[in-house]
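>>> Starting from these lines, generate the structure:
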Amino acid sequence: MYLHIKMTKLLLYTTLGLATAVAQVTITADDSRVHVEINGKPYADFVVKSDEAMKPYLYPLRAASGTIVTRHWPMDKIDAIEPVDHQHQRGVWFGPDLVNGFDFWNNEFSYKNPIAGWTKLNKIGAIKSGKKEGSMAVTFEWMDPKGTKIVEESRVMTFHDDPKLRIVDFEIDLTAVTNVKFGDGKDCCFGIRLSPQLQETKTIKTRGKPDQTIPGPPGVITNAEGKTSEKEVWGKPSNWCDDSGEIDGEKLGIAIFDNPKNSRRARWHVRGYGLFAANPFGVSAFTGDKSQDGSVTLKPGEKLHFKYRVVVHPANTDLAKLWSEYVK
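Numbers count the residues shown, from 1 in each chain. Purely as a prediction, here's the structure:
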């Protein structure tokens, strides 16, 4: 009997060891963030609690080569030209600017914004590592400035390993706790702040100092219809949007896919200075037509569901093909 128990334990430990050894996407958590590694190298951290940020964010995003495709500031300061505008645009985030009149987009504790909402961590749930993918489940409470909960959020993020691509899937469910109105605003909702080298606008204007120029060719904003530039893409609906360019000589891009089964399809709040966002509520904010209203009102217990896929890819990747595979 003793030998049987000992052999069983040995088999269990061996099995666990093998599972760890073959896991290519490894996800672990501590009190304030969830860590993601791919092939034994750091990929990103999902920051769920912060003394500075009032909403969770994923930082950084990397290409399969390891190149970081998101802006470093304000999380890290590097010896390179980086814009220091819009501090609240950290890595990858989700937050509307109008929820019962409260702002879950332009919110940092340092802003002292009287209408700023706060996304509070409720629980880090199931975490799974795996050979080809890993995932995390996290729940949050959306609080108004007085500390009253108005929305419950559940989020699942899945990270995929691929020789050439880095794919992250986001699944977000929002449940109204009280009567909730998501307003028709410009600053919303699923956002990424790009590496400056991917910006369409390569000039940084600073107060009292000469303008600075970001090295390298300008980035190119493209949507599924083949429209290019902020001027042609901003505020328009499209299945996906991409920003491609060159970072230290490496030609690559980052795309967001807007799932057709989302509660509301997105218009694209993309800017030449590096903002890249899918907005499911903005209609009059983009068209200028006040007779159109993209707002959504929920009763307590009613839900909205959103899924987005982020693809970090080499240049000349067939995004239309990847989109087709995604919607299947």
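>>> need the contact list for residue 242.
Residues in contact with residue 242 (CB atoms under 8 Å, 6 or more residues apart in numbering) are 221-223, 253-256, 319. To be clear about C-beta, it is placed using only N, CA and C from the backbone, and glycine gets the same treatment.
>>> Mark which of the residues you listed are part of strands, please.
The strands, defined by DSSP state E, take in 221-223, 253-256 from those.
>>> who wins for most neighbours among those?
The most crowded member of these, judged by other CB atoms under 10 Å, is residue 221 (28 neighbours).
>>> Identify the bridge partners of that residue.
Residues found in beta-bridge contact with residue 221 (criterion: DSSP bridges) are residue 243.
>>> Could you measure from it over to residue 200?
When CB to CB, to the nearest Å is applied, the distance between residue 221 and residue 200 equals 6 Å.
>>> Overlap of the contact sets of the two?
Contact criterion CB under 8 Å, 6+ apart; residues bridging residue 221 and residue 200 by contacting each: 229-230, 243, 272.
>>> So which of those residues is the closest to residue 152?
residue 243 (32.0 Å; CB to CB).
>>> tell me which helix or strand of the protein sits lowest on mean pLDDT?
Among the secondary structure pieces of the chain, namely its helices and strands, helix 2-22 has the lowest mean (mean pLDDT, DSSP states H and E), a mean of 42.
>>> For the following helix or strand past that one, which outside residues touch it?
Moving toward the C-terminus from helix 2-22, the first helix or strand encountered (DSSP states H and E) is strand 25-29. Applying CB under 8 Å, 6+ apart, the external contacts of strand 25-29 come out as 34-38, 40, 124, 127-136, 159-161.
>>> Identify each buried residue in stretch 96-108, please.
By neighbour count, with 16 or more other CB atoms under 10 Å as the criterion, the buried positions of stretch 96-108 are 96-100, 102-108.
>>> if we take those residues, which one ends up nearest to residue 183?
For residue 183, the nearest member of the buried residues of stretch 96-108 is residue 98. The distance, counting by CB to CB, is 2.8 Å.
>>> Can I get the buried residues of stretch 96-108 in a markdown table including pLDDT?
What follows is the buried residues of stretch 96-108, written out as a markdown table (pLDDT from 0 to 100):
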| residue | pLDDT |
| --- | --- |
| 96 | 98 |
| 97 | 98 |
| 98 | 98 |
| 99 | 98 |
| 100 | 98 |
| 102 | 98 |
| 103 | 98 |
| 104 | 98 |
| 105 | 98 |
| 106 | 98 |
| 107 | 98 |
| 108 | 98 |
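>>> Which members of those residues are the farthest-apart pair?
100 and 108 (19.8 Å).
>>> count of residues packed around residue 314?
For residue 314, the tally of surrounding residues (other CB under 10 Å) stands at 15.
>>> partners of the helix or strand where residue 141 lies, with directions?
With elements taken from DSSP H and E, the one containing residue 141 is strand 133-143. In its sheet, strand 133-143 lies beside strand 118-128 (antiparallel), strand 149-161 (antiparallel), with partners assigned from DSSP bridges.
>>> Next one: residue 121 from residue 135, what distance?
From residue 121 across to residue 135, the span is 18 Å (CB to CB).
>>> more crowded one of these two?
Taking other CB under 10 Å, residue 121 and residue 135 do not tie; residue 135 has more neighbours (19 against 16).
>>> what stretches of the stretch 1-150 of the chain score poorly on pLDDT?
Applying pLDDT under 70 to the stretch 1-150 of the chain flags residues 1-22.
>>> can you rerun that using 50?
1-20 (pLDDT under 50).
>>> so which of the strands paired with strand 133-143 is the most packed in?
Scoring the strands paired with strand 133-143 by mean neighbour count under mean count of other CB atoms under 10 Å gives strand 149-161 as the most buried, with a mean of 19.
>>> Tell me the helix or strand right after it.
In N-to-C order, the element after strand 149-161 by DSSP H and E is strand 166-176.
>>> Show me what residue 58 is bridged to.
Listed beta-bridge partners, residue 58: residue 46, residue 92 (assigned using DSSP bridges).
>>> What is the neighbour count of it?
Neighbouring residues of residue 58 were enumerated by other CB under 10 Å; the total is 25.
>>> repeat for the one 3 residues further on
Applying other CB under 10 Å, we find 22 other residues in the vicinity of residue 61.
>>> Quick one: the helices in the stretch 151-300 of the chain, in order.
Counting by DSSP state H, counting those that start in this stretch, the stretch 151-300 of the chain forms helices over residues 230-233, 284-287, given from the N-terminal end onward.
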